[in-house]
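Enquirer: A predicted structure for the sequence below; I have some questions about it.
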Amino acid sequence: MRLYSLSVLYKGDPKVHLLKAAYDVSTFNFFQRSSVQEFMTFTSQLIAERSPLGSRASVKEQEYLCHVYVRNDGLAGVVIADNEYPQRVCFTLLDKVLDEFSRQVSKMDWLSGSPATISYSALDGYLSKYQVQTPGT
């Protein structure tokens, strides 16, 4: 059971843009890591774009399960995990991250922010805290 990506996005008009993200691509071959990370960023944006405001969904993409939560204010979160990771835990994580993010980052920054300009450093910590350690890893 693994988490690969945790992203916070803003679903504005006309499209979705990434505000902050954390990735764990350590299980992939070194030469694949950047393309895997690119795939996860693209997939997160696409799923958030296609999800209506106020919705939660889980979407299967290749061998991954993508869990998306789009709040009514346009703030969205996406977790990409393997098929075995518990869905309920993913949505609990998304709730917690989006609540904390909305308290710490001004709504004005959501409109024009980017991963380079948003100062919110908790995603990496959440990604490793919610990582399920299997015996032998």
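Expert: Right, received. Where do you want to start?

Enquirer: going forward, measure contacts and count neighbours with C-alpha atoms only.
Expert: Will do.

Enquirer: now the helices for this structure?
Expert: 33-50, 87-104, 107-112, 122-129 (DSSP state H).

Enquirer: by mean pLDDT, show me the worst of the ones you listed.
Expert: Lowest mean pLDDT of the helices of the chain: helix 107-112, a mean of 91.

Enquirer: doesn't residue 119 make contact with residue 101?
Expert: No. The pair residue 101 / residue 119 is not scored as a contact, 9.9 Å apart, by CA atoms under 8 Å.

Enquirer: picking up where we left off before, now the helices of the chain as TSV including distance to residue 75?
Expert: Formatted as TSV, those follow (distance: least, CA to CA, whole Å):
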stretch	distance to residue 75
helix 33-50	9
helix 87-104	7
helix 107-112	8
helix 122-129	15
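
Enquirer: tell me which of those sits most buried.
Expert: helix 33-50 (a mean of 17; mean count of other CA atoms under 10 Å).

Enquirer: how about residues contacting it?
Expert: 5, 7, 9, 11, 15-18, 23, 25-26, 66, 68-70, 76-80 (CA atoms under 8 Å, 6 or more residues apart in numbering).

Enquirer: mind running it again at 7 Å?
Expert: 5, 11, 15, 16, 17, 25, 68, 70, 76, 78 (CA atoms under 7 Å, 6 or more residues apart in numbering).

Enquirer: pretty sure residue 25 contacts residue 3?
Expert: No. Using CA atoms under 7 Å, residue 25 is not in contact with residue 3; the gap is 9.4 Å.

Enquirer: neighbour count for these two, which is higher?
Expert: residue 3 (24 against 16; other CA atoms under 10 Å).

Enquirer: for the more buried one, give the beta-bridge partners.
Expert: On the basis of DSSP bridges, residue 3 is bridged to residue 81.

Enquirer: I'd like the numbering to begin with 25 instead of 1 from here.
Expert: I'll keep to 25 as the first residue from here, and by that count the last item is residue 27.

Enquirer: can you put the contacts of helix 57-74 in CSV and add pLDDT?
Expert: Below are the contacts of helix 57-74 laid out as CSV (pLDDT from 0 to 100):
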residue, pLDDT
29, 97
35, 94
39, 85
40, 93
41, 93
49, 94
92, 97
94, 97
100, 97
102, 98
